[in-house]
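Asks: What follows is a predicted protein model with its sequence.
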Amino acid sequence: MDTTERKKKIEQGLEKAGDILEQKAIESYDKALDKLQYEKDRLERELRHEYRNARRYVRANPEQGLGVAFVAGLFLGVLLTRGGKD
């Protein structure tokens with residue numbers, strides 16, 4: 001076997017390995033994309049569910065909802081005013 005034939009075989013082997021590697025990379029990318037899409041959908045469903053629960057709770061207990069909003073507003077106000085005095 002001369003060097004030209006060896007060179008061709010090596011090039012063919014490298015090309016084949018490159019094709020296999022490219023295919024595996026594409027498959028891995030597609031799997032990761034599918035997993036991310038599934039997780040995104042799951043989180044959206046969970047967020048919608050929790051949002052509905054929070055709205056129901058506030059409608060059932062409006063005085064507590066107002067109290068929490070008031071305290072949160074005071075807390076944010078204190079944080080913002082103290083942040084400017086440093």
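Replies: Looks like it arrived, so ask away. Computed from a predicted model, the values in this text were never measured in an experiment. Numbering: from 1, shown residues only.
Asks: Quick one: distance of the helix or strand harbouring residue 17 to the chain centre.
Replies: Assigned by DSSP states H and E, residue 17 belongs to helix 3-60. Relative to its chain's centre, helix 3-60 lies at 12 Å (CA atoms, centre = their mean, to the nearest Å).
Asks: what's it packed up against?
Replies: Packed against helix 3-60 by the contact rule (3 or more CB pairs under 8 Å, 6 or more residues apart in numbering; DSSP states H and E) you find helix 62-84. All C-beta atoms are positioned from the backbone trio N, CA, C, and that covers glycine.
Asks: Can you list the helices and strands that the helix it packs on packs against?
Replies: With contacts taken as 3+ CB pairs under 8 Å, 6+ apart, helix 62-84 sits against helix 3-60.
Asks: What are the buried residues along the worst-scoring helix or strand of the chain on mean pLDDT?
Replies: Least confident element among the helices and strands of the chain, by mean pLDDT, DSSP states H and E: helix 62-84 (a mean of 89). For helix 62-84, the neighbour count (16 or more other CB atoms under 10 Å) marks no residue as buried.
Asks: between it and helix 3-60, how many degrees?
Replies: Here the directions of helix 62-84 and helix 3-60 differ by 120 degrees (axes from the mean of the first three to the mean of the last three CA atoms, to 10 degrees).
Asks: residues in contact with helix 62-84?
Replies: Helix 62-84 is contacted from outside by 57-58, using CB atoms under 8 Å, 6 or more residues apart in numbering.
Asks: What is the neighbour count of residue 58?
Replies: 15 (other CB atoms under 10 Å).
Asks: Against residue 8, how distant is it?
Replies: According to CB to CB, to the nearest Å, residue 58 and residue 8 sit 74 Å apart.
Asks: Could you do residue 42 as well?
Replies: From residue 42 across to residue 8, the span is 51 Å (CB to CB).
Asks: got it, and residue 82?
Replies: Per CB to CB, residue 82 is found 74 Å from residue 8.
Asks: Could I get the average pLDDT for the helix holding residue 17?
Replies: For helix 3-60, mean pLDDT rounds to 94.
Asks: Dump stretch 55-75 to CSV, keeping only the CA atoms.
Replies: C-alpha atoms of stretch 55-75 as CSV (Å, rounded to 0.1, in the frame of the first residue of the first chain):
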residue,chain,number,x,y,z
ARG,A,55,-56.2,35.2,42.7
ARG,A,56,-58.7,32.9,44.3
TYR,A,57,-57.2,33.4,47.7
VAL,A,58,-57.1,37.2,47.4
ARG,A,59,-60.8,37.1,46.2
ALA,A,60,-61.7,34.9,49.1
ASN,A,61,-59.7,37.0,51.6
PRO,A,62,-59.5,40.6,50.3
GLU,A,63,-58.5,42.1,53.6
GLN,A,64,-55.5,39.8,54.0
GLY,A,65,-54.5,40.5,50.3
LEU,A,66,-54.6,44.3,51.0
GLY,A,67,-52.6,43.8,54.2
VAL,A,68,-49.9,41.9,52.4
ALA,A,69,-49.8,44.4,49.6
PHE,A,70,-49.6,47.3,52.1
VAL,A,71,-46.7,45.6,54.1
ALA,A,72,-44.9,44.8,50.9
GLY,A,73,-45.2,48.4,49.8
LEU,A,74,-43.9,49.7,53.1
PHE,A,75,-41.0,47.3,52.9
